[in-house]
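K.L.:
Quick one: sequence and predicted model below, then my questions.
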Amino acid sequence: NAGVTQTPKFQVLKTGQSMTLQCAQDMNHNSMYWYRQDPGMGLRLIYYSASEGTTDKGEVPNGYNVSRLNKREFSLRLESAAPSQTSVYFCASMRGHFYSNQPQHFGDGTRLSIL
Amino acid sequence: SQQGEEDPQALSIQEGENATMNCSYKTSINNLQWYRQNSGRGLVHLILIRSNEREKHSGRLRVTLDTSKKSSSLLITASRAADTASYFCATDRNTGNQFYFGTGTSLTVIP
């Protein structure tokens, strides 16, 4: 099994450009998450989807939008990229609902630089 | 704001030694999880401990949880060079649908 697959792995954008980060999981998981990881900050939750058809804001949602396209896919969109959004973005999925005491499974990340 | 904080920020030990890292958190939790991240890779789940558990083992890993002190520790015994990575704790807040990660402990195991 591939697990959680993120594309692209690297991307360089100019300020103001838009792009969509793709995430797909093949484990039939219900919940999916988008995090950003910055030096010294740990991981911070941007958006999550507890089930197909639902999305909710996390800790740092400003400047981002998400789409839960189907059970497998959860995309993250930057409408107008800003240098402050330079980061490593991780997608994760989890089998059960939030209180099911299940681990999250992570992709290998997208390294995004905005000039 | 960060829910979990790991301590120390960095740790360097010789192969074969034990490594201990700690996590403190601020609010009540349902469970606490530990993850490992190798350089340039995503996080990998290591172990989950529920709020009503005090200790859990998995191979060379031992995790303790003290809810009265709002803290947890991860012990890696007989460390190997392959254990070199960053280690993160993650907590839920017992409300909402969000997990909160600490800033991590960077472990270097010297062969």
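P.N.:
Yes, it's here. This structure is a prediction, so every number in the text was calculated from the model and none was measured.

K.L.:
give me the low-pLDDT residue ranges for chain B?
P.N.:
Low-confidence segments of chain B, defined by pLDDT under 70: B:1-4, B:94-96.

K.L.:
what about the strands in it?
P.N.:
B:4-7, B:10-14, B:19-25, B:31-37, B:43-50, B:55-58, B:61-66, B:71-76, B:85-92, B:99-101, B:105-110 (DSSP state E).

K.L.:
Throw those into TSV and include mean neighbour count and distance to chain A, thanks.
P.N.:
The C-beta positions use only the backbone N, C-alpha and C, and glycine is treated the same way. Listed next are the strands of chain B as TSV, based on neighbours: other C-beta atoms under 10 Å in any protein chain shown; distance: least, C-beta to the nearest C-beta, whole Å:
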stretch	mean neighbour count	distance to chain A
strand B:4-7	20	8
strand B:10-14	13	12
strand B:19-25	20	11
strand B:31-37	23	5
strand B:43-50	18	4
strand B:55-58	12	12
strand B:61-66	17	13
strand B:71-76	20	15
strand B:85-92	24	7
strand B:99-101	23	4
strand B:105-110	18	11
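
K.L.:
list the contacts for residue A:112?
P.N.:
A:10, A:11, A:12, A:13, A:21, A:85, A:86, A:87, A:88, A:89 (C-beta atoms under 8 Å, 6 or more residues apart in numbering or on different chains).

K.L.:
Cross-reference those residues with the strands and report the matches.
P.N.:
A:10, A:11, A:12, A:13, A:21, A:87, A:88, A:89.

K.L.:
By neighbour count, sort out the buried ones in those.
P.N.:
A:11, A:13, A:21, A:87, A:88, A:89 (16 or more other C-beta atoms under 10 Å in any protein chain shown).

K.L.:
nearest to chain B, of the residues you listed?
P.N.:
Ranked by distance to chain B (C-beta to the nearest C-beta), those are led by residue A:88 at 9.2 Å.

K.L.:
In contact with the closest one, which residues?
P.N.:
Residue A:88 neighbours (C-beta under 8 Å, 6+ apart): A:36, A:37, A:38, A:109, A:110, A:111, A:112.

K.L.:
partner residues bridging it?
P.N.:
Using DSSP bridges, the bridge partners assigned to residue A:88 are residue A:37, residue A:111.

K.L.:
Equivalent analysis for residue B:71, please.
P.N.:
Residues in beta-bridge contact with residue B:71 (DSSP bridges): residue B:24, residue B:66.

K.L.:
repeat for the one 4 residues further on
P.N.:
Residue B:75 has these beta-bridge partners by DSSP bridges: residue B:20, residue B:62.

K.L.:
Check what contacts the helix or strand harbouring residue A:5 and list those residues.
P.N.:
Element membership of residue A:5 [criterion: DSSP states H and E] is strand A:4-7. Applying C-beta under 8 Å, 6+ apart, the contact partners of strand A:4-7 are A:21-27, A:89-93, A:105-110, B:42.
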